[in-house]
Each structure stands twice: as structure tokens, then as C-alpha cells.
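Q: Here is a sequence with its predicted model. Questions after.
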Amino acid sequence: MNARERLIVALDLPSAQAAESMVSKLGDTVGFYKIGYQLAYAGGLPFAAGLITSGKQVFLDLKLHDIGNTVTKGVESVAQLGATFLTVHAYPQTMKAAVEGKKDSKLRILAVTVLTSYDDADLAAAGYAMSVGELAAARAARARDTGIDGLVCSAEEVANLRGIVGPGMVLVTPGIRPAGSTRDDQKRVMTPAKAIAAGADYLVVGRPVVEAPDPKAAAEAIVTEIERTKS
Ligand code: C5P
């Protein structure tokens, strides 16, 4: 995989029109885009289909979680769009249903182990008698055993989770901040170089690119940083 293929830009924008304008600014510098709730619920799915037709790869960050039958059918529909990645929450029934739904399509299912906005107190409030680290490790092992293709995790967790899931699963890391840029609301951040060196396969970057005065130059600088780093 070359450096350019490892950068995923998060299109956290309010409309398909705003997303289209960003994609044309970024041009050939970016080939992989993440679409989350904000854009998905504002015309982002037909927009995603158009992006795929134009040769880009798409990560649908929809974080599915429902009864098994509903998850399987939802994943079947997403697979027909031609997306590359889709997120589901790392609950056993949900992961099993998602793996059934993707069948032999090229869609790869990523599991979200524990949301990064959760700490031990939030888990206790939700009724779990486990730490975030314990629950994330248990869910990563379950994801591996269920045939899930990869995990979304913070770059700080990459080394530990790689030890649990082995080389066969992809690790996709948000919370990436080039040196000198603002953290925004991210608490645990890592530079592109450090995340790649820690073993991340893909980097998800949103605001440092889409809010930059020159988004194409910002994305190009990240690609160069990835290229220069041995993983
Ligand atoms: O703008 P920024 O680079 O912080 O965007 C990161 C993207 O990754 C956002 O779309 C955010 O929703 C997503 N994400 C995250 N942390 C997770 C999972 C997804 O920041 N644990």
C-alpha cells in the first residue's frame, strides 16, 4: 500500500455540495474519504455512490448497532454501494450479523471497540463492571474471532490491539494531528509519523485538512510524512 492510499480524509461537512467542493479542491492528493453521521444524513449516501463511481474509496462511519437481522440487511445495502469500510459497534450479535451481510462483497467491516469519549466512569454509568482497557481488549479479541476485518482505535492503542488481533486485521486511527496543529476536541492525539510507526494501517484526518487555509497542501504534507516513515 502506498502512502497516499493510507490517508483517509473525514468529510465532516454539512452538505453534499460542501463535500463536493472539498473533494474537488483535494483532487488527486486524496483517494479515500470518510463519511459520518453529519454528511450521511444530509445527502451523503448518494454522494458516496458518486465518489465511488469517480474512482475514490469510501469509508462509511455509520456505527451500526441493532438486532441481527436489521444489521445484516443494512450491511447488504451498504455493500451494494461499493464502499470499502463500514463501522459497527463491537457487540457480538452485531459483528456476526455484519459479517453475514457483507458476504463476498469487497466491503470490509470495522468494529468500534469502546468509543473514545468513554472513560471508566462512563462505562460504570452504562452498567459495565470493567475498565475501558479491559473491555476494548475483550471486544478486539471477539472481533478477531468473528471474522471482522479491522478496528477503529486511537493511535495510542494500536500497539496493544495489534498484539491481540495479529497482522490480519486493519487498524484505522483517528485523532491524528500534524506537529504544531490544534488538538480541537481530541484528547489523545498523535502525529501522522508516530501513528504509522506505531503500526496504524490507515490515518483518518478531518479538521487539520478540511479547515486548513489550503486543504490540498495540508493533505500533501501528511502524505509526505507517511512516505518518510517506516511502518
Ligand atoms: O477533525 P478530526 O481529525 O478530529 O476528525 C476525526 C474523525 O474521526 C471524525 O470524523 C470523528 O468522528 C472520527 N472518530 C474519532 N474518534 C473515534 C472514532 C471516529 O475522532 N474514536
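A: The structure has been received and is ready for your questions.

Q: burial of Ser15, as a residue count?
A: 14 (other Cβ atoms under 10 Å). C-beta coordinates here come from the backbone N, C-alpha and C atoms, glycine included.

Q: got a list of what it touches?
A: Ser15 makes contact with Leu39, Ala42, Gly43 under the criterion Cβ atoms under 8 Å, 6 or more residues apart in numbering.

Q: If you rank those by neighbours, which is first?
A: Leu39 leads the contacts of Ser15 on contacts (other Cβ under 10 Å) with 25 neighbours.

Q: contact partners of whichever strand or helix holds that one?
A: Secondary structure from DSSP states H and E places Leu39 in helix 37-39. Contact with helix 37-39 is made by Leu11, Asp12, Leu13, Pro14, Ser15, Ala16, Ala19, Gly44, Phe47, Asp61, Leu62, as judged by Cβ under 8 Å, 6+ apart.

Q: Looking at the contacts of Ser15, spot the one nearest the ligand.
A: Leu39 (9.6 Å; Cβ to the nearest ligand atom).

Q: What pLDDT does the model give Lys230?
A: Here, the pLDDT recorded for Lys230 equals 68.

Q: what about this structure, any weak spots by pLDDT?
A: Where the chain drops to pLDDT under 70, the residues are 230-231.

Q: Whichever residue of it sits closest to the ligand - nearest residue in space that isn't next to it in sequence?
A: Nearest residue of the chain to the ligand (Cβ to the nearest ligand atom) works out as Gly206 at 2.6 Å. Once flanking residues are discounted, Gly206 sits nearest to Ala10: 3.4 Å by Cβ to Cβ, 6 or more residues apart in numbering.

Q: Ok, Ile222 next?
A: Nearest non-adjacent residue to Ile222, counting by Cβ to Cβ, 6+ apart: Pro192, 5.1 Å away.

Q: what's the answer for Arg108, then?
A: Nearest-residue entry for Arg108: Asp149, 3.8 Å, with adjacent residues in sequence omitted and distances by Cβ to Cβ, 6+ apart.

Q: Burial check on the one you found, number of neighbours?
A: So Asp149, with other Cβ under 10 Å, has 19 neighbours.

Q: Looks like it contacts Ser105 (just checking).
A: No. Look at Asp149 against Ser105 with Cβ atoms under 8 Å: they stay out of range, at 11.5 Å.

Q: that older thread, isn't the residue of the chain closest to the ligand right up against Val9?
A: Yes. If you go by Cβ under 8 Å, Gly206 and Val9 touch, sitting 7.2 Å apart.

Q: which parts of this structure sit against the ligand?
A: Listed as neighbours of the ligand in the chain under the rule Cβ under 6 Å from any ligand atom: 10, 12, 36, 116, 152, 174-175, 184, 186, 204-208.

Q: Thanks again, I'm all set now.
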